[in-house]
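J.: this one's sequence-less:
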């Protein structure tokens, strides 16, 4: 699909409605039938768009995705709706009424901002992507709040906007880009643009080194359903603050600058911090909340003697602690009748599938095994969710 324009015509929209729920296995038969009445290129474009909408439903929900227009990169790189809604709500709470959305993609963030009552200038230099963003604002009834401009973001004057939002491209021809200065535009440019507005938010990869965070920025790591989605640098909020935000919720854990927890022997409970908590370097805050310590100084597993439920970590009750030994693990699992085995690992080179093949779990019961280190020594901890 190289041009959205034909899909925006009455014929194109009718065809999109007709192929909406097409099973991929039946695409060839459907295409053959439809090409008797419609141009072949239009049929291919409609079926391609239907596939993209089906993929996008995971991020945007079936109702919105079924009305929106996508590019392949747009589906892959756009912000999950739940994350965009959270960020837009936070901007609205800051009193922001207008945002320059630079590198807007297919408009996922612009949509969330507009739905929060914020006026948006959405900018992208790719013609097809900008066309998709414009079509999406129109399809969702937000065209009055969203102006889409096809331009290089470095040429856009953001004066007069309450905030700047920048989502640099972090993928290249060889996949993900890990160097922030290789983003498009580079992080240094995005930071400079952020400092020209009263408020700003820069979406970045969650793996950004903490030392790369500017001193005048607040750093926030966001997870959704336990999966780390992104990091955001906020300007004009709380310089130097570090937070982990978990969705749904939201639930936010703020850094208190605690020292690293002590290493201690395994207790009755093991806590696995949420990925956003780990990325934000807030494991110490979790350990403090549950009265625990670390199994190993280099591994983000917290152990404690008592159960203290917290949204920032998943708790497991530990029944067995053994030095790493596959034969002993296999014997223990056979004795317990464990057929459903969840394998988690930190600090271990053993792959979960490799372990399952070797221990061959069988039986009616379930268990979780943690492959990790305890005070530097390879170990296995067996238990179940608390």
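T.: Sure, I can see it. On a predicted model such as this, the values are computed, not experimentally measured, just so you know.

J.: Tell me which residues touch the residue nearest to the spatial centre of the chain, please.
T.: In the chain, the centroid-proximal residue (Cα atoms, centre = their mean) is residue 229; its distance is 1.7 Å. By Cβ atoms under 8 Å, 6 or more residues apart in numbering, the residues touching residue 229 are 79-80, 83, 206, 222-223. For the C-beta atoms, the positions are set from N, CA and C on the backbone; glycine is no exception.

J.: repeat that with 10 Å
T.: With contact set as Cβ atoms under 10 Å, 6 or more residues apart in numbering, residue 229 has these partners: 79-80, 82-83, 203, 206, 221-223, 245, 247, 275-276.

J.: Narrow those to just the buried residues.
T.: 79-80, 82-83, 203, 206, 221-223, 245, 247, 275-276 (16 or more other Cβ atoms under 10 Å).

J.: Reformat these as CSV; add secondary structure, distance to residue 62 and pLDDT.
T.: Below are the buried ones among the contacts of residue 229 laid out as CSV (DSSP: H, G, I helix; E, B strand; the rest coil; distance: Cβ to Cβ, whole Å; pLDDT from 0 to 100):
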residue, secondary structure, distance to residue 62, pLDDT
79, coil, 18, 91
80, coil, 14, 93
82, helix, 14, 96
83, helix, 18, 97
203, strand, 25, 95
206, coil, 27, 93
221, strand, 28, 98
222, strand, 23, 98
223, strand, 23, 97
245, strand, 25, 98
247, strand, 19, 97
275, helix, 26, 97
276, helix, 26, 98
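
J.: in the stretch 1-150 of the chain, which spans are helices?
T.: For the stretch 1-150 of the chain, the helices defined by DSSP state H, counting those that start in this stretch occupy 10-19, 27-34, 40-60, 62-65, 72-77, 81-93, 108-115, 127-139.

J.: ok and the second one relative to helix 10-19, angle-wise?
T.: Angle between the axes of helix 27-34 and helix 10-19 is 140 degrees (criterion: axes from the mean of the first three to the mean of the last three Cα atoms, to 10 degrees).

J.: in helix 27-34, what's buried?
T.: By neighbour count on 16+ other Cβ under 10 Å, the buried set for helix 27-34 is 27, 30-31, 34.

J.: swap in the longest one?
T.: Of all the residues in helix 40-60, those buried under the rule 16+ other Cβ under 10 Å are 42-54, 56-57, 59-60.

J.: From the chain's centroid, how far away is it?
T.: 22 Å (Cα atoms, centre = their mean, to the nearest Å).

J.: same thing with the fourth one?
T.: Put simply, helix 62-65 sits 19 Å off its chain's centre (Cα atoms, centre = their mean).

J.: what helices or strands is it leaning on?
T.: Helices and strands touching helix 62-65, by 3 or more Cβ pairs under 10 Å, 6 or more residues apart in numbering; DSSP states H and E, are helix 40-60.

J.: what's the angle between the helix it packs on and helix 10-19?
T.: 60 degrees.

J.: Quick one: find the helix or strand in this protein with the lowest mean pLDDT.
T.: Every helix and strand in the chain was compared by mean pLDDT, DSSP states H and E; the lowest is strand 171-172, with a mean of 65.

J.: circling back: of the contacts of residue 229, closest to residue 164?
T.: Closest approach between those and residue 164, by Cβ to Cβ: residue 203, at 11.6 Å.

J.: Identify the residue spatially nearest to the closest one, adjacent ones excluded.
T.: Closest residue to residue 203 apart from its sequence neighbours, by Cβ to Cβ, 6 or more residues apart in numbering: residue 167 at 4.3 Å.

J.: related to what we said a few turns ago, wait, which of the helices of the stretch 1-150 of the chain is closest to residue 375?
T.: Nearest of the helices of the stretch 1-150 of the chain (Cβ to Cβ): helix 81-93, 37.5 Å.

J.: who are the neighbours of that closest one, in terms of helices and strands?
T.: Using 3+ Cβ pairs under 10 Å, 6+ apart: helix 81-93 touches helix 40-60, helix 108-115, strand 163-166, strand 199-204, strand 218-224, strand 227-235, strand 242-247.

J.: rerun that using 6 Å as the cut-off
T.: With contacts taken as 3 or more Cβ pairs under 6 Å, 6 or more residues apart in numbering; DSSP states H and E, helix 81-93 sits against helix 108-115, strand 218-224.

J.: Listing partners with orientation, what would you give for the last one?
T.: Right, the one you point to is strand 218-224. If you go by DSSP bridges, strand 218-224 pairs up with strand 227-235 (antiparallel), strand 242-247 (parallel).

J.: could you check the angle helix 81-93 makes with the longest one?
T.: Put plainly, it is strand 227-235. Counting by the same axes, to 10 degrees, strand 227-235 points 20 degrees away from the direction of helix 81-93.
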